[in-house]
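Trainee: Turn this into a model:
(one chain, ligands or ions: 1)
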Amino acid sequence: MARSGAGGIGGRMAALARAAAAAARPDTRPGARPATEARKEEALFLDPPGVRVALRRSARARRFTLSVSRVDGAPHLTLPQRASVAEALDFLTRQAGWLEAAMARVPPERVVAPGRALPFRGGSVVLTLRPSGPRRAPTLENGRLMVSGPAAEAPQRAMSFVKETARAELVPAARAYAARLGREAGPITLRDTRSRWGSCASSGALSFSWRLAMAPPDVLDYVAAHEAAHLVEMNHGPDFWALVDGLRPDWRECRDWLRRHGPELHRVRFAPPAS
Ligand SMILES: [Zn+2]
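Mentor: Presented below is the predicted three-dimensional model:
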């Protein structure tokens, strides 16, 4: 993407003009959302770098916060309730360089479909349709994930398989680590969390991202150990890391793997694109 004077006068004025036009003219295209909903989905077009930034007004926000979604790579700006569109645009214009760099770091989306590889246990497997016949549970055969049923359902079946694998590995691992620390884990749930790979509530309930089944088994196991250690130390202080070190001396490599490759796992999309 060309950087033609990000933050420069020309680009800023062009963006301002567009924003003013967008704010003044109600969207009357067929199928446009009602005005009340459209207001909630206010957006600005920043050019350069040529991106649409969704605006989220927040009663709690005291300042502007620009971020890029880990889910779909889309940028959004949180702004205080009373901030003006011109102020938002001014902030965005100053952050154009940061935004461009942040968006360039988002890994490409990887759509799961028959015939394509998807990450699994640190490697990859090719999603493959079984020849027609009685429906069977998905199985792994020579690097292929074999699923029954119509092609359109294959991504969902692959997702179920990934989730079941995560559950089958994370639950016993977390319970075993908890037992080694003399604790008992509460209920364990699997979710599609975006900001954390696992969490531990003060009640002892543990939660994990099922996407960990796509990471190397050691990394999944480390997250189980990490959350089990929170049953003893509800913080990330030196005592906590000493416990983790006792369970998984290679925790640093595992943590680094997640930092480096975790975003790629979040970009794997199992559902067919909504039309
Ligand atoms: Zn933690």
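Trainee: Average pLDDT for stretch 267-275, rounded please.
Mentor: Averaging pLDDT along stretch 267-275 gives 74.
Trainee: and if you look at stretch 179-197?
Mentor: 94.
Trainee: Pull out the buried residues from it.
Mentor: 181, 183, 185, 188, 190, 197 (16 or more other C-beta atoms under 10 Å). C-beta coordinates here come from the backbone N, C-alpha and C atoms, glycine included.
Trainee: same check, this time on stretch 101-121
Mentor: In stretch 101-121, counting by 16+ other C-beta under 10 Å, buried: 106, 110, 112-114, 118-121.
Trainee: Touching, E109 and E264? I think so.
Mentor: No: look at E109 against E264 with C-beta atoms under 8 Å: they stay out of range, at 10.1 Å.
Trainee: per the record, what domains does the chain have?
Mentor: Taking automatic domain parsing as the criterion, the chain consists of the domains 9-104, 157-269.
Trainee: Let me know the next secondary structure element after the helix or strand harbouring R167.
Mentor: Per DSSP states H and E, R167 falls inside helix 154-180. Going down the chain from helix 154-180, the next helix or strand is strand 188-191, by DSSP H and E.
Trainee: List the pairing partners of that next one within its sheet, with orientation.
Mentor: Strand pairing for strand 188-191, using DSSP bridges, gives strand 206-209 (parallel).
Trainee: buried ones in stretch 262-275?
Mentor: Buried, per 16+ other C-beta under 10 Å, within stretch 262-275: 262, 264-270.
Trainee: is it true that P249 lies in a strand?
Mentor: No: P249 is assigned coil when assessed by DSSP: H, G, I helix; E, B strand; the rest coil, not a strand.
Trainee: Could you check how many residues crowd around it?
Mentor: For P249, the tally of surrounding residues (other C-beta atoms under 10 Å) stands at 9.
Trainee: Please apply the same query to R130.
Mentor: 17.
Trainee: picking that back up, looking at the buried residues of stretch 101-121, which is nearest S67?
Mentor: The closest of the buried residues of stretch 101-121 to S67 turns out to be V106 (C-beta to C-beta; 11.2 Å).
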